[in-house]
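A.B. asks: need coordinates for the below:
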Amino acid sequence: MTTASFKYMDPASYVVSSEPFVKPWGKVDDGGRSYKYTDTKRSVENIRGQENNFGPDVSGFGVYHYPAKEKAFTDDQQVRDGYYKEVEQLLMDKLPQKPTKVVIFDHTIRRNQKASPRQPVQQVHVDQTPGAAAVRVRRHVPSDEAERLLKQRYQIINVWRPIGHPASDFPLAVIDWRTTKPEDFVKVDLLYPTRQGDDDGDDRGKEAAVASKEENSTAGYEIKGETYGVAPSDNHRFFYMKDMTPEEAMFIKCFDSRSQSVGGAQGLAGMTPHTAFVDPNSPADAPGRQSIEVRCLVFYDD
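C.D. replies: Numbers count the residues shown, from 1 in each chain. A predicted model of the protein is given here:
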């Protein structure tokens, strides 16, 4: 067990709205946002040794020992051609129900280094809302197939893995879905740097320099997604895998069309709020955290 400070959305700093740029927004690259954080102290429990008590359909997350052949994650094409296949097999092997189709639509590599375009994110959040999940299906699956798949069970699952060394620096914390309520989640527009006209629409592995150095400016950005921010609650229970290694991978469920909150299946986890955090028990000389998260559409026949 450890205790840490977590950044939630400050309920006093935003209004709930569907109007673009009145609705809360946040930038994908530099931390710029239209709302404020509130820092809240919480206990965080280490799940190492009790992994069987959790799972993507129970708590919204799960951790598995599953070494990858890919080690360096420095060659983008190699990540796409090789590691994506490893992730697909990992999902097939470890999900409670075996999928019939997996479509990997994006990945992000985060390195706690000054030159890295993506740093660990210190904000409690969920990567996609239900609306954003459906948009992803229609964007990444052929149209003649997408509408059929949207009528069946589908999920978005992030597969998160440390790179190179254990993630002692800025480890990843998750909130057990069973301790959340629907009113905890706040829709937030996600802004990306505007891409050039010859952009092919493929998000996978594309990192961009900060479009504007002014955090409050939306110039050079466009709305490309919708996420959930999370409001603070005393009911939330945080967990992490202390010193999680590159031989281990975490499933983070972002959406499930059959879940209690969307499809009505009582007790079926729908999403996993998560965030990087500063663990006061981590050594001061721990190497900077490096990790890869692969975002996957997961489909089932029923």
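A.B. asks: give me the below-cutoff pLDDT ranges for the protein.
C.D. replies: 30, 196-215 (pLDDT under 70).
A.B. asks: okay, which residue is most central for it?
C.D. replies: Asp127 (4.7 Å; C-alpha atoms, centre = their mean).
A.B. asks: what's the closest non-adjacent residue to Tyr192?
C.D. replies: The shortest distance from Tyr192 to any non-neighbouring residue, by C-beta to C-beta, 6 or more residues apart in numbering, is to Lys224 (4.2 Å). Every C-beta, even on glycine, is put in place using the N, C-alpha and C of the backbone.
A.B. asks: give me the contact list for the helix or strand encompassing that neighbour.
C.D. replies: Per DSSP states H and E, Lys224 falls inside strand 221-230. The contact list for strand 221-230 (C-beta atoms under 8 Å, 6 or more residues apart in numbering) reads 8-9, 20, 24-28, 35, 123-129, 131-132, 135, 175, 184-194, 211-212, 271, 273.
A.B. asks: SS state for Asn52?
C.D. replies: Under DSSP: H, G, I helix; E, B strand; the rest coil, Asn52 falls in the helix class.
A.B. asks: same question but for Asp106, I mixed them up
C.D. replies: With three-state DSSP as the basis, Asp106 sits in strand.
A.B. asks: and what of Asp144?
C.D. replies: Assigned by three-state DSSP, the conformation of Asp144 is helix.
A.B. asks: separation between it and Tyr300?
C.D. replies: Separation of Asp144 from Tyr300 (C-beta to C-beta, to the nearest Å): 19 Å.
A.B. asks: looking at these two, which one has more neighbours?
C.D. replies: Tyr300 (17 against 7; other C-beta atoms under 10 Å).
A.B. asks: give the contact list for the closest residue to the residue nearest to the centre of the chain other than its chain neighbours.
C.D. replies: In space, Asp127 comes closest to Cys254 once its chain neighbours are excluded; the distance is 4.6 Å by C-beta to C-beta, 6+ apart. Residues near Cys254 by C-beta under 8 Å, 6+ apart: 126-128, 133, 155-158, 271-272, 295.
A.B. asks: wait, is Cys254 part of a strand?
C.D. replies: Yes - under three-state DSSP, Cys254 falls within a strand.
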